[in-house]
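Q: Could you work out the structure for the sequence below:
(2 chains)
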Amino acid sequence: MIEGYFGGGNLPFVTGTLSIPALSHLLPTQPITFLVDTGCTASVLQPKDVVDLGIQSHLSAFVPVQTEYLGVGGLVQGTKYLADAVIVLDGTPELSLAFGVPPLGQLDLRPPAGHPREEEVPSLLGWDVFKHLLLAFNGPGGNFQIYRPEEAQSLHPDSP
Amino acid sequence: MTQGTGIQAVSLGDLPEATRKVVKDLPRFTADQKYFQAHRKALLRNHDGKWVAIYKQKVVSAHEDREKVTAALRGRGIMPSNAAIHFVTSKERLCFF
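A: Here you go, the predicted structure:
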């Protein structure tokens, strides 16, 4: 079970570690926070973390892909880089998310594009991850949990 | 294991040494992240309109320019990714991510 927390803006976050195998000889495993965003189609490492984790200067190791981002600001053209990556979420036990290994696709690395205040946008764990897991939000209690389906069976043994 | 091998429960002992060290430090990192929300009012009083870096539950740098905050962290031997860095603002914001 992964225990999340409500952070800045009272939004749901989880902490974990990020490793990118293709850059393992250049960059260490580092801690990272992700916003839990079931409305986002794919998990995204946003420019803030691409810069802070030192990935920006190594993006040439990945193939650039032209893409479109649809959000409240409308449709924006952009470039993303797709990478195999391993995220280990803090929990009991820890949960490993291996991007690039089914059922997960590769992780979307989004380089800085010079948009105003883009460094305020947190990295996202999206629907590509959460469609395989269970989320239990306790807003009044100020916490939430993420379970693997196997764990939910043990919590509710009578459920089908 | 959950649907293939891309999502699976692991224990500390299963992880590479480098990852294990960072996972062991996650409670400190999470506490720093939570500090921001728990002390938001005090941070607003002192740092409205600034980026604030929190490390070991203390404000270690604050500035309007985020790059100056990350540079100050590096100057103290702290990797920016190891600190909680947040923008403090009293402005109402509706967030869509």
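Q: State the pLDDT value of residue 87.
A: Let's take chain A. We note a pLDDT of 97 for residue A:87 in this prediction.
Q: actually it's chain B I care about, not the one you picked
A: So, for residue B:87, pLDDT stands at 93.
Q: partners of the closest residue to residue A:7 other than its chain neighbours in the sheet?
A: Spatial nearest neighbour of residue A:7, chain neighbours left out: residue A:13 (4.3 Å); criterion: C-beta to C-beta, 6 or more residues apart in numbering or on different chains. Every residue, glycine included, has its C-beta placed from N, CA and C. Beta-bridge partners for residue A:13, by DSSP bridges, are residue A:5, residue A:35.
Q: check contacts around residue A:13.
A: Going by C-beta atoms under 8 Å, 6 or more residues apart in numbering or on different chains, residue A:13 touches A:4, A:5, A:6, A:7, A:33, A:34, A:35, A:36, A:122, B:33.
Q: Show me which positions of stretch B:39-53 end up buried.
A: Within stretch B:39-53, the residues that count as buried by 16 or more other C-beta atoms under 10 Å in any protein chain shown are B:40, B:43, B:47, B:50, B:51, B:52, B:53.
Q: Check stretch A:138-145 too.
A: In stretch A:138-145, counting by 16+ other C-beta under 10 Å, buried: A:144, A:145.
Q: gap between the two ends of that stretch?
A: 8 Å (C-alpha to C-alpha, to the nearest Å).
Q: what's the answer for stretch B:60-73, then?
A: Start-to-end, stretch B:60-73 (C-alpha to C-alpha) is 8 Å.
Q: Residues contacting that stretch, please?
A: A:52, A:119, B:46-47, B:49-55, B:76, B:78-80, B:83, B:85, B:87-88.
Q: likewise stretch A:121-131?
A: So stretch A:121-131 is contacted by A:11, A:13-14, A:32-49, A:87, A:97, A:104-105, A:146, B:7, B:97 (C-beta under 8 Å, 6+ apart).
Q: Grab the CA positions of it and hand them over as CSV.
A: C-alpha atoms of stretch A:121-131 as CSV (Å, rounded to 0.1, in the frame of the first residue of the first chain):
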residue,chain,number,x,y,z
VAL,A,121,3.7,22.4,-13.1
PRO,A,122,4.4,19.2,-11.2
SER,A,123,5.2,15.9,-12.8
LEU,A,124,2.2,13.6,-13.2
LEU,A,125,1.4,10.0,-12.7
GLY,A,126,-1.5,9.5,-15.0
TRP,A,127,-4.2,7.2,-16.1
ASP,A,128,-1.7,4.9,-17.8
VAL,A,129,-0.6,3.9,-14.3
PHE,A,130,-3.8,4.2,-12.2
LYS,A,131,-6.0,2.2,-14.5
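Q: Name the residues of it that come out as buried.
A: Using 16+ other C-beta under 10 Å as the test for burial, stretch A:121-131 gives A:121, A:122, A:123, A:124, A:125, A:126, A:128, A:129, A:130.
Q: what's the neighbour count on residue A:28?
A: Residues contacting residue A:28 under the criterion other C-beta atoms under 10 Å in any protein chain shown number 17.
Q: so what's the residue nearest the centre of chain B bridging to?
A: By C-alpha atoms, centre = their mean, chain B has its centre lying nearest to residue B:84, at 2.3 Å. Beta-bridge pairing of residue B:84 under DSSP bridges involves residue B:54.
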